[in-house]
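> my questions are about this predicted structure, shown below with the sequence.
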Amino acid sequence: MLPPIPVLRDYGISPEYGFLPAQLPLERLPDPYYNKWEAIVANLQGLILSKRLRGVVDRLPVLSTAGLEHDSEWRRAYSLLCFMAHGYIWGGNIPAERLPPPISIPLLHISAYLEVPPVATYAAVCLWNFKPLFADEHVDNLENLATLATFTGSIDESWFYLVSVAIEARGAPILPLMLAAIQAARIDDIDTVTACLSTFAERLDDLGTLLQRMHESCDPHAFYYHIRPFLAGSKNMEDAGLPNGVIYEDGTGTEKYRQYSGGSNTQSSLIQFFDIILGIEHFPTGEKREIASETEQQGRAPPAKHNFLLEMRKYMPGAHRRFLEDTALVANIRDYVEVHRANKELTVAYDACLAMLRAFRDKHINIVSRYIIVKSRESKSLARSTSPAAAHRKVDIASASAMQNNASGKKKLRGTGGTALISFLKQARDETGELAIDSWARRVMNRDFNTKGHGDFFLGKLEEQQPTGLDRCGLAGTWTMDDNAGGLCHY
Ligand code: HEM
Ligand SMILES: N[C@@H](CC(=O)c1ccccc1NC=O)C(=O)O
């Protein structure tokens, strides 16, 4: 008996909103008992800038969670407390290594209820932190979106979260579509599988376009120096001033240091769903597919596969994490395409999905390059040219939280999730393209050419040899070498 195909509503997921809550996030908690939490977050920017937040929080009463009823209230409370917690930790000259009881006690309780860690996860700042401008219009459109809470009160910060929200909403219909494709593969309905894959590829293209809108209203300087420091976690944060992590005071006196990763889009269930459905495997950074499978063939214990992305599932809401696990048990598309590789339409549609997802990851690497890599280099040269006394406080936290020692004591640029970001992101991108069924598509995507300059030559070759529709699927356009992004990029 085959395992059942997951039913979205059993996991609190909707075909229209995907991993965003089907009931819009609450703009405030209905019970006035929580007015103080609401007031602090509504004034977070001012309280942080005027250095009053810590004092205000220290004087807060410890509020009970007994007044939270519907799940949307628990989600709102979680989001509020996460903003307060990260504002409290990172909003001073040096980070606070103790979270006081008014935050830690309710936050620990609410996190346990929602099955998420007590940190500002992707769910806290993106999934559960938006509102539509017009309630009767969809939230898959950036023009109709606004955030509920921010640390800085800036448009840049709102935009940074909202691009992800719009991607979640625009990507939502892919969930029922590809679950239907699994069912179609089970009954060998090749036309339906092909049609689903083609629609999936087109939607992925759309998501890439949305991703590139990050530049419109989120300035890299504002992001790196003013927004990103608040998103940091408490793991590997020695250089930023948290050598042991953070103590969540619960009043019992038995508190211990805790360490958590910061918020990161690796905690998005949508993108992990795409990998699962297409049969894409990710390996630990630095480890290659061949090495991993050789080890398995030789009967040795298989290496821990895609451990970082699996670890990040613990930062997703519990039901979403279980949905991914259950989908992985039934994902059959890759095998189905392998078996029917002689069917051109099917393989092109599948390869198109890979090409589009790879192109999405390329665009993302480009963004990371502009928003983190370039900025961190600038900050290093700034540090060399200014006296320590003149350096801006946030520069220190921004750069210190961005760089961490690796095993050999060398400093490496890190993502808020904790990855050695450049190698991690490039490997995730390459692991996407490597799987293409068609050898030409695989070669083009994986650039086994080391040329500097324009890639139009390859594009020409591609269209000459492969006039089957891949040009519609992200392989057409301008290809340029971008050293920051680590290779040939598609714009
Ligand atoms: C200024 C904007 C952004 C920056 C600077 C950025 C940065 C990063 C970094 C550094 C990582 C590495 C993991 C970590 O340690 O945190 C990462 C991972 C990731 N990011 Fe972003 N990100 C941005 C926006 C987005 C958006 C809007 C999406 C939309 C889906 C996204 C999707 C991902 C995904 C899926 C991963 C996991 C790696 C992969 O699957 O390829 N990011 N991001
Ligand atoms: N990993 C990113 C941060 C990041 O992408 C992120 C962090 C918290 C919430 C959402 C995020 N991503 C995109 O909107 C970084 O290292 O800066």
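Done, it's in. Note that the structure is predicted; figures quoted are calculated from it, not measured. Numbers count the residues shown, from 1 in each chain. Ligands and ions are numbered 1, 2, ... in the order given.
> pLDDT weak spots in the stretch 301-450 of the chain?
301-306, 380-396, 405-410, 447-450 (pLDDT under 70).
> which parts of the stretch 101-250 of the chain sit against ligand 1?
Within reach of ligand 1 by Cβ under 6 Å from any ligand atom, the stretch 101-250 of the chain has these residues: 160, 163-164, 167, 211, 214, 218, 223. The C-beta positions use only the backbone N, C-alpha and C, and glycine is treated the same way.
> near ligand 2, which residues of the stretch 51-200 of the chain?
122, 125-126, 160-161, 164.
> hmm, back to that, okay, the residues of the stretch 101-250 of the chain next to ligand 1 in TSV with neighbour count and pLDDT next?
Putting those into TSV (neighbours: other Cβ atoms under 10 Å; pLDDT from 0 to 100) gives the following:
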residue	neighbour count	pLDDT
160	24	98
163	24	98
164	21	98
167	25	98
211	20	98
214	22	98
218	22	98
223	23	98
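> now the strands for the stretch 101-250 of the chain?
Secondary structure of the stretch 101-250 of the chain (DSSP state E, counting those that start in this stretch): strands located at 130-132, 145-147, 246-248.
> what helices or strands is whatever helix or strand comes next after the last one leaning on?
Going down the chain from strand 246-248, the next helix or strand is strand 257-258, by DSSP states H and E. Using 3 or more Cβ pairs under 8 Å, 6 or more residues apart in numbering; DSSP states H and E as the contact criterion, the elements in contact with strand 257-258 are strand 246-248.
> tell me what the strand it packs on is packed against?
strand 98-99, helix 101-114, strand 257-258.
> how about 7 Å then?
strand 98-99, strand 257-258 (3 or more Cβ pairs under 7 Å, 6 or more residues apart in numbering; DSSP states H and E).
> what's the burial count for residue 253?
Neighbour count of residue 253, defined by other Cβ atoms under 10 Å: 6.
> read off the pLDDT value for it.
Residue 253 carries a pLDDT value of 83.
> ok, it - contacts?
With Cβ atoms under 7 Å, 6 or more residues apart in numbering as the criterion, no residue contacts residue 253.
> so how far is ligand 2 from it?
Distance check for residue 253 against ligand 2: by Cβ to the nearest ligand atom, to the nearest Å, it reads 33 Å.
> and that residue, how far from ligand 1?
With Cβ to the nearest ligand atom as the criterion, residue 253 and ligand 1 are 34 Å apart.
> any idea how far residue 344 lies from ligand 2?
Going from residue 344 to ligand 2 by Cβ to the nearest ligand atom gives 37 Å.
> point me to the residue of the stretch 1-150 of the chain nearest ligand 1.
Nearest residue of the stretch 1-150 of the chain to ligand 1 (Cβ to the nearest ligand atom) works out as residue 126 at 8.7 Å.
> ok, that residue touching residue 160?
No: applying Cβ atoms under 7 Å as the test, residue 126 and residue 160 come out as separate, 9.1 Å apart.
> what's the local residue count around the residue of the stretch 1-150 of the chain closest to ligand 1?
That count, for residue 126 with other Cβ under 10 Å as the rule, works out to 25.
> for it, give me the pLDDT.
98.
> the one 3 residues further on too?
We note a pLDDT of 98 for residue 129 in this prediction.
> thought it was touching residue 161?
Yes: if you go by Cβ under 7 Å, residue 129 and residue 161 touch, sitting 6.3 Å apart.
> residue in this protein with the shortest distance to ligand 1?
residue 415 (2.0 Å).
> give me the number of residues near that residue?
22.
> not counting sequence-adjacent ones, nearest residue to it?
Distances taken as Cβ to Cβ, 6 or more residues apart in numbering place residue 421 nearest to residue 415, at 4.2 Å, with adjacent residues excluded.
> next one: residue 19
residue 269 (4.9 Å).
> what residues does that neighbour make contact with?
19, 316, 320, 323-324.
> same thing with residue 20?
Counting by Cβ under 7 Å, 6+ apart, residue 20 has contacts 127, 165, 168-169.
> just to revisit the earlier point, roughly how far does the residue of the stretch 1-150 of the chain closest to ligand 1 sit from residue 263?
8 Å (Cβ to Cβ, to the nearest Å).
> name the residues of the stretch 251-400 of the chain found near ligand 2, please.
Looking at ligand 2, the residues of the stretch 251-400 of the chain close enough under Cβ under 6 Å from any ligand atom are 263-265, 372.
> quick one: which of these has the most company?
residue 263 leads those on contacts (other Cβ under 10 Å) with 26 neighbours.
> that one reaches residue 416, doesn't it?
Yes: Residue 263 lies in contact with residue 416 (Cβ under 7 Å); the separation is 5.9 Å.
> distance of residue 218 from residue 329?
Distance from residue 218 to residue 329, by Cβ to Cβ: 38 Å.
> is it true that residue 150 touches residue 157?
Yes: between residue 150 and residue 157 a contact is recorded at 4.4 Å, counting by Cβ under 7 Å.
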